[in-house]
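*Asks:* Here is a sequence together with a model predicted from it:
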Amino acid sequence: MTPARLQLTDGKLLRLLMRWAPTGSPLTIRDLALQAGTSKSKIHALISGERATVTPDVATRIARALGVHERALFFESLSTPMGTDTTGGDRHDHERTLDAYADRGSQELGGHDGPIGPYRCRP
């Protein structure tokens, strides 16, 4: 299994950290790429937002070159964020339920203050 890719928190933060490099002078894209052992195009894509993920070893080398903790710049994103379905929507389950049963009242969907009784009585 391949290791999970880490996502950059913000390209602007990466650019800011490059300006305030631990060496005392700003790091260029070329300098950071050399220190991190990756390509200039990958660093540029991270800063511009064209590419938001890197492998864990590249994330570690970038953070080390900037003198920050890896988790200050990168995080492991969830494969499917909570509340998002796999069809591309971003609605929560309860919202889908309300839309599916729009003709029912809220008391029939569990949104009432009274005592909870059986849904249907058997004879």
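*Replies:* Yep, that arrived.

*Asks:* can you count the residues close to residue 32?
*Replies:* Neighbour count for residue 32, taken as other Cβ atoms under 10 Å: 24. (Each C-beta comes from the backbone N, C-alpha and C, glycine too.)

*Asks:* Tell me which residues touch it, please.
*Replies:* Listed by Cβ atoms under 8 Å, 6 or more residues apart in numbering, the contact partners of residue 32 are 18, 43, 62, 65, 66.

*Asks:* quick one: contacts for the second one?
*Replies:* By that I understand residue 43. 29, 32, 33, 36, 62.

*Asks:* Which of the three states applies to the second one?
*Replies:* Taken by DSSP: H, G, I helix; E, B strand; the rest coil, the conformation at residue 32 corresponds to helix.

*Asks:* now residue 61
*Replies:* Residue 61 ends up helix, using three-state DSSP.

*Asks:* For it, which non-adjacent residue is closest in space?
*Replies:* Counting by Cβ to Cβ, 6 or more residues apart in numbering, residue 61 lies nearest to residue 36, which is 4.2 Å off, once chain neighbours are set aside.

*Asks:* Does that neighbour touch residue 57 like I think?
*Replies:* No - the pair residue 36 / residue 57 is not scored as a contact, 9.7 Å apart, by Cβ atoms under 8 Å.

*Asks:* Where does pLDDT dip in this structure?
*Replies:* Counting by pLDDT under 70, the chain shows low-confidence ranges at 1-3, 79-123.

*Asks:* Show me where it has its strands.
*Replies:* 6-8, 53-54, 74-76 (DSSP state E).
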